[in-house]
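Peer 1: using only what follows, build the 3D model:
(2 chains, ligands or ions: 3)
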Amino acid sequence: MDETKFTPKIVGFLCNWCTYAAADLAGSSKTEISPLFSVIRVMCSSRIDHNLLLTTFFNGADGILIAGCHPGDCHYDKGNYYARRRYALLKNVMDTLKLEPERLELSWVSASEGKRYADVVNEFSKKIEQLGPNPIKKSSVF
Amino acid sequence: MNKVIKIENGTKQGVLNFLEHLITTDKISGVLTLRKINEKGICDYGFISDAKELKFADPFAPVMPINAAQTLSSLTPTTKPIAAIIKPCELRGFVERVKRVQGSMKNVLLISYTCGGVLPLNTFQGDGSEKIIADYYNAISKGETPGSIRPTCKACEYFVPMMADITIPLLGNSESESECSLIMNSEFAIQISKEFQCEIITSELDSKIIDKVLAVRISEKEKLYNKTKVTKDGLDELVNIFGKCVGCHGCSRVCPICYCVMCDFESHNFDYNIEIFETELEQKGALRLPPDTVFFQIGRLAHMSFSCVGCGQCEDVCPANIPVATIFKKVGEATAGLFDYIPGKDLEEAIPVMIFKEEEFEEIGK
Ligand code: SF4
Ligand code: SF4
Ligand code: FES
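Peer 2: Numbering: from 1, shown residues only, chains lettered A, B, ... in the order given. Ligands and ions are numbered 1, 2, ... in the order given. Alright, predicted model coming up:
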């Protein structure tokens, strides 16, 4: 294996009711998916709070993908609308502080969208690969 | 145009006469005000219930020993009316707290004034402060921005109180030594002052003065933001600035918005144990102790910056001289701006994270 090649570590917070099922579907239909993608199953995209995301970054994730049900389809009715606001907020803070907001992404993927799931993950992985490693990862000052 | 009470006295004395009337006629049980606690001019916030004690009151002192929003939270809800005479940003902080059910506006006669800014705590109480304070009053009576005030005060656009029952024109008021006007903004204010013997006219704040001050404040804000490298150079600059943080968390303790009794950053969630040490050491080969340079601040920025009222208290208490308030004000302006939110402007306006609109951010997640 090429030692210098950077393989990004990406964490996906997937909503149990849609995107997690989509991941399953993608898996069972043998769609090719970027291997360094660790999935954390959450009950709803609104379960994710800022400190959870920041902890993930500070523990060395190169990218974070939040994925949940399309607007209007949340299993708990409105959870994803709150999640969307919170996501926009953290992105905005990262943007103002020039903290590579590209490392954080949100996508809506329904249970039947196995193909879309694979595309979203692969595209995001490619983006993070181009961006390079999260500078926090190797630094001992955090 | 509003109803305005005119008092034949200097502004400070006039306000004290008015408060004396409210206390002695039992309209209020007391008033929260700044007061002098010794000959040297040291100030604190006190709740005065005996009119005789009003002689120590110094309601316009340009200092913020604590952001009064915190004090008002502990004084309310109250069954008997009280008065509070506080600065516009403290009032906004209080409104933000009330939105978080950390206090109540009911039965509180909120008196505020057009604010010339406050001096840093050490300037107000330090050597040569008498002259600095005299210069301060002189400057604000002319509607000028004193060079000695907190950086975020110089850059504050919200020096006209919002949500006050009574507004007092102080900034740019050249007659403040000889006259006193109390602008009544609410029915509560009109009712409670009905028996007060005085001249009543209709008037309003002088918009020429407001506009003039506003223009200066806006240009000062640009200057301040331009100086703040933290929003230009990313992580490196953030580490550069917060690398000297001593981790006292004083900035969040004095913040009127950070009300959480159990701050997540002080919980066991952020404890380090040997396993975490070992994993990190394996990855990094070294570790900062105690851990954390910027997580605490980025976390707080995401959690509350949209409600930051820019009072400057955090920056003033920081033992490491970190421009905390400047950073929070700047980041907060952006986060609040996402939702067209102005913290403390209107009690009816919900905190951005508590609501949503279905038709917004529609480009996200596509
Ligand atoms: S007051 Fe200053 S030193 Fe203390 S935690 Fe805040 S930034 Fe760090
Ligand atoms: S973050 Fe600082 S400037 Fe903003 S409200 Fe809190 S103490 Fe005041
Ligand atoms: S249940 Fe899927 S986003 Fe709420």
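Peer 1: now the helices for the chain?
Peer 2: Going with chain A. Taking DSSP state H to define them, one finds helices in chain A at A:19-28, A:50-58, A:79-96, A:114-131.
Peer 1: nope, chain B please
Peer 2: Under DSSP H, chain B gives helices at B:11-24, B:68-75, B:88-99, B:121-125, B:129-141, B:151-154, B:187-192, B:207-227, B:234-242, B:250-253, B:274-284, B:295-304, B:313-317, B:324-338.
Peer 1: contacting residues around the residue in the stretch 51-200 of chain B positioned nearest to ligand 1?
Peer 2: Per Cβ to the nearest ligand atom, residue B:121 is where the stretch 51-200 of chain B lies closest to ligand 1, at 13.1 Å. Using the backbone N, CA and C atoms, a C-beta is placed for each residue, glycine as well. Listed by Cβ atoms under 8 Å, 6 or more residues apart in numbering or on different chains, the contact set of residue B:121 reads B:63, B:64, B:65, B:316, B:317.
Peer 1: the fourth one against residue B:150, yeah?
Peer 2: Yes. Judged on Cβ atoms under 8 Å, residue B:316 makes contact with residue B:150 at a distance of 6.4 Å.
Peer 1: what sits in contact with each of these two?
Peer 2: Both residue B:316 and residue B:150 are contacted by B:120, B:325, under the criterion Cβ under 8 Å, 6+ apart.
Peer 1: hmm, back to that, can you redo the contacts of residue B:121 as TSV with neighbour count, pLDDT and distance to ligand 1?
Peer 2: Formatted as TSV, the contacts of residue B:121 follow (neighbours: other Cβ atoms under 10 Å in any protein chain shown; pLDDT from 0 to 100; distance: Cβ to the nearest ligand atom, whole Å):
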residue	neighbour count	pLDDT	distance to ligand 1
B:63	22	97	19
B:64	27	98	15
B:65	19	97	16
B:316	24	97	10
B:317	18	97	6
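Peer 1: let me have those residues in TSV, extended by distance to residue B:269.
Peer 2: What follows is these, written out as TSV (distance: Cβ to Cβ, whole Å):
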residue	distance to residue B:269
B:63	36
B:64	31
B:65	32
B:316	29
B:317	25
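Peer 1: and the closest residue to residue B:157 other than its chain neighbours, how many neighbours?
Peer 2: In this structure, residue B:157 finds its nearest non-sequential neighbour in residue B:217, 5.3 Å apart by Cβ to Cβ, 6 or more residues apart in numbering or on different chains. Residues lying near residue B:217 (other Cβ atoms under 10 Å in any protein chain shown) number 18.
Peer 1: around ligand 3, pick out the residues from chain A.
Peer 2: Within reach of ligand 3 by Cβ under 6 Å from any ligand atom, chain A has these residues: A:15, A:17-18, A:44-46, A:68-69, A:74-76, A:79-80.
Peer 1: does residue A:33 touch residue A:120 like I think?
Peer 2: No. In this structure, residue A:33 is not within contact of residue A:120 by Cβ under 8 Å, at 10.0 Å.
Peer 1: who has more neighbours, the two?
Peer 2: For residue A:33 versus residue A:120, neighbours defined as other Cβ under 10 Å are more numerous around residue A:120 (22 against 15).
Peer 1: could you find the closest non-adjacent residue to the more buried one?
Peer 2: Of all residues not flanking residue A:120 in the chain, residue A:107 sits nearest, at 4.7 Å (Cβ to Cβ, 6+ apart).
Peer 1: residues touching that neighbour, list them.
Peer 2: Going by Cβ under 8 Å, 6+ apart, residue A:107 touches A:19, A:65, A:66, A:67, A:120, A:124, B:365, B:366.
Peer 1: turn these into CSV, including pLDDT and distance to residue B:111.
Peer 2: Shown next, in CSV, are these (pLDDT from 0 to 100; distance: Cβ to Cβ, whole Å):
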residue, pLDDT, distance to residue B:111
A:19, 96, 53
A:65, 98, 51
A:66, 98, 46
A:67, 98, 51
A:120, 96, 55
A:124, 96, 54
B:365, 96, 47
B:366, 92, 50
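Peer 1: from ligand 1, how far off is the residue of chain B most remote from its centre?
Peer 2: Computed with Cα atoms, centre = their mean, the residue of chain B farthest from its C-alpha average is residue B:282, at 45.2 Å. Distance, residue B:282 to ligand 1, using Cβ to the nearest ligand atom, to the nearest Å: 28 Å.
Peer 1: about what we covered before: quick one: contacts for the residue nearest to residue B:157?
Peer 2: For residue B:217, the contacting residues are B:145, B:154, B:155, B:156, B:157, B:159, by Cβ under 8 Å, 6+ apart.
Peer 1: where does chain A have low pLDDT?
Peer 2: A:1-4 (pLDDT under 70).
Peer 1: separation between residue B:112 and ligand 3?
Peer 2: Counting by Cβ to the nearest ligand atom, the gap from residue B:112 to ligand 3 is 43 Å.
Peer 1: what pairs with that residue across the strands?
Peer 2: Residues in a beta bridge with residue B:112, per DSSP bridges, are residue B:167.
Peer 1: is it in contact with residue B:159, as I believe?
Peer 2: No. In this structure residue B:112 lies outside contact range of residue B:159 using Cβ under 8 Å: 10.1 Å.
Peer 1: all good on my end, thank you.
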